[in-house]
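> coords please:
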Amino acid sequence: MDCIKIRFVDTPEGVESGFHRTIEEILRVAHPRFSFSRQQWRPQIDIYETRDEVVILAEIAGVPREEINLEIGPRTVKIFGTREGGPREGNARYRLAEIPCGHFERTLSLPVQIDAQTATAVCRDGLLEIRLTRRPVDRIQKINIQGS
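Numbering: from 1, shown residues only. Coordinates of the predicted model:
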């Protein structure tokens, strides 16, 4: 007996997005880099702490340094940019395309507050290393409450 899969959706947009996804999958067979929309890839990240700093390592091989952007706040780091893709030669045709390209973005919540002014970043061997100095706890300002 043949079965038909039925998926119930709450809005008409759910049907439309499923339809676009199916068409996109069919067209991707012919051209692996095909996409209706701007897709994002997410670089792999490691975060570790030392006594004095938080260190973030992001795997971003093939991304030129000029295409990497960082936004650093007291408890967040946003890494974003673009990695170009496509055949290396004009008449090349993909047989397999697993290396993500295009826009990438990661927003990370940090476990401690950091001093954004002392942040450093180095990119080497396909790894972006961001070093963030921990904000000392004693820099929290306490104030006295006056009575009337």
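> As a check, name the ranges of all strands in this protein.
Per DSSP state E, the chain carries strands over the ranges 40-41, 45-49, 53-59, 68-72, 76-83, 102-109, 114-124, 127-134.
> any low-confidence regions in this protein?
Low-confidence segments of the chain, defined by pLDDT under 70, are located at 1-21, 24-25, 27-39, 86-88, 137-143, 147-148.
> What residues does residue 120 make contact with?
Counting by CB atoms under 8 Å, 6 or more residues apart in numbering, residue 120 makes contact with 130-131. Backbone N, C-alpha and C define where each C-beta goes, glycine included.
> tell me which residues form a beta bridge with it?
Beta bridges link residue 120 to residue 131, judged by DSSP bridges.
> before we move on, the earlier item: just put the strands of the chain in CSV and tack on distance to residue 144.
Output for the strands of the chain, formatted as CSV (distance: least, CB to CB, whole Å):
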stretch, distance to residue 144
strand 40-41, 48
strand 45-49, 33
strand 53-59, 32
strand 68-72, 32
strand 76-83, 31
strand 102-109, 32
strand 114-124, 26
strand 127-134, 27
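> Among those strands, which comes closest to residue 145?
Smallest distance to residue 145 across the strands of the chain (CB to CB): 27.9 Å, for strand 114-124.
> Now that closest one - C-alpha only, PDB.
The C-alpha atoms that make up strand 114-124 are tabulated as PDB, following Å, rounded to 0.1, in the frame of the first residue of the first chain:
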ATOM      1  CA  ILE A 114      34.500  41.700  29.300                       C
ATOM      2  CA  ASP A 115      36.400  44.900  28.700                       C
ATOM      3  CA  ALA A 116      35.600  45.500  25.000                       C
ATOM      4  CA  GLN A 117      38.400  48.200  24.800                       C
ATOM      5  CA  THR A 118      41.200  45.600  25.200                       C
ATOM      6  CA  ALA A 119      39.900  43.000  22.700                       C
ATOM      7  CA  THR A 120      42.400  41.700  20.200                       C
ATOM      8  CA  ALA A 121      41.800  39.500  17.100                       C
ATOM      9  CA  VAL A 122      44.300  37.500  15.000                       C
ATOM     10  CA  CYS A 123      43.500  35.400  11.900                       C
ATOM     11  CA  ARG A 124      45.900  32.600  11.000                       C
END
